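Asker: sequence and computational prediction follow.
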Amino acid sequence: MIFSKATVEPTLNALGANGFRFAWLVNLGSEFLFTDNETNLNFSGNEYLSGGELLGLSSITREKGIKLQSYSFTLSGVHQETASRLLFLLNETGEPVSARNVAGMNGEVWLALLDEGGRHITQTIKMYQGTLQSWKESDSGSSVRISITLASPWSKPTLTKGRFTSDDNQQQLYPGDGFFAHAHREIKSLGWGADG
């Protein structure tokens, strides 16, 4: 977290006010916006939804040097429609057709300082920025719990140019090519040198 002269005074005023309140804001790819506040919050022209989904945020450690840390949080009670939009490509009727390539999706975690009523943001501090590294889903039939890990942008300094092989990625580059249409289904694991 970096404070500039322009943000120090408003932040100190907010922290010193009677009835100090805060909320967490999570932005995944500018498409999925969540807050743990009791009401929806508007920030930078976007509405962060408060449906009780955002919980289990990990602590953030700050140090002087560059640290290759990751950041994890959990979305719980997520509506299946939202989970499907986040994790899968959908057809015209809203049914999942293949896994969505979300690895590398940008993610940000903000700390929002609120007014005494807890409905308006007075100051924000960006606490973490990274890319979606992994996710794990558990479905109970009526709700979904998704654990998401964001990786530091410094965690893959030796990554070479390339791409993930998914049908979504292939369709973006070569529309109509069905080579990876069934890549999300694993019938038999094949390794290098293994019998097919």
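Answerer: Received the coordinates, thanks. Remember, predicted model here, so these are calculated numbers, not experimental data.
Asker: for the residue sitting nearest the centre point of the chain, which residues are in contact?
Answerer: Nearest to the mean C-alpha position of the chain, counting by Cα atoms, centre = their mean, stands residue 28 at 3.6 Å. Counting by Cβ atoms under 8 Å, 6 or more residues apart in numbering, residue 28 touches 34, 86, 105-107, 132, 148. In this view, the C-beta of every residue, glycine as well, is placed from N, C-alpha and C.
Asker: gap between it and residue 49?
Answerer: Distance from residue 28 to residue 49, counting by Cβ to Cβ, to the nearest Å: 12 Å.
Asker: do the same with residue 33
Answerer: Using Cβ to Cβ, residue 33 is found at 6 Å from residue 49.
Asker: pull up the overlap in contacts between residue 28 and residue 49.
Answerer: Shared contacts of residue 28 and residue 49, defined by Cβ under 8 Å, 6+ apart, are found at residue 34.
Asker: just the C-alpha atoms of stretch 144-155, please, in PDB.
Answerer: This file holds the C-alpha atoms of stretch 144-155, laid out as PDB (Å, rounded to 0.1, in the frame of the first residue of the first chain):
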ATOM      1  CA  VAL A 144     -21.600 -22.700  -4.700                       C
ATOM      2  CA  ARG A 145     -18.500 -21.900  -2.700                       C
ATOM      3  CA  ILE A 146     -15.500 -20.700  -4.700                       C
ATOM      4  CA  SER A 147     -11.900 -20.300  -3.300                       C
ATOM      5  CA  ILE A 148      -9.800 -18.000  -5.400                       C
ATOM      6  CA  THR A 149      -6.100 -17.300  -5.300                       C
ATOM      7  CA  LEU A 150      -4.600 -14.200  -6.900                       C
ATOM      8  CA  ALA A 151      -0.800 -14.300  -7.700                       C
ATOM      9  CA  SER A 152       1.500 -11.400  -7.400                       C
ATOM     10  CA  PRO A 153       2.500 -10.000 -10.800                       C
ATOM     11  CA  TRP A 154       6.100 -10.700  -9.800                       C
ATOM     12  CA  SER A 155       5.500 -14.400  -9.200                       C
END
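Asker: show me the contact partners of it.
Answerer: Stretch 144-155 is contacted by residues 28, 56, 66-80, 83, 86-87, 107, 109, 128-139 when judged by Cβ under 8 Å, 6+ apart.
Asker: which stretches of the protein have low pLDDT?
Answerer: For the chain, the stretches with pLDDT under 70 are 1-19, 61-68, 143, 153-166, 168-169, 183-196.
Asker: please enumerate the helices of it.
Answerer: Taking DSSP state H, the helices of the chain run over residues 5-16, 80-87, 167-173.
Asker: one step back: just the buried ones from the contacts of residue 28?
Answerer: For these, a burial check counting by 16 or more other Cβ atoms under 10 Å picks out 34, 86, 105, 107, 132, 148.
Asker: contacting residues for the fifth one?
Answerer: In other words, residue 132. By Cβ under 8 Å, 6+ apart, the neighbours of residue 132 are 28-29, 102-107, 148-151.
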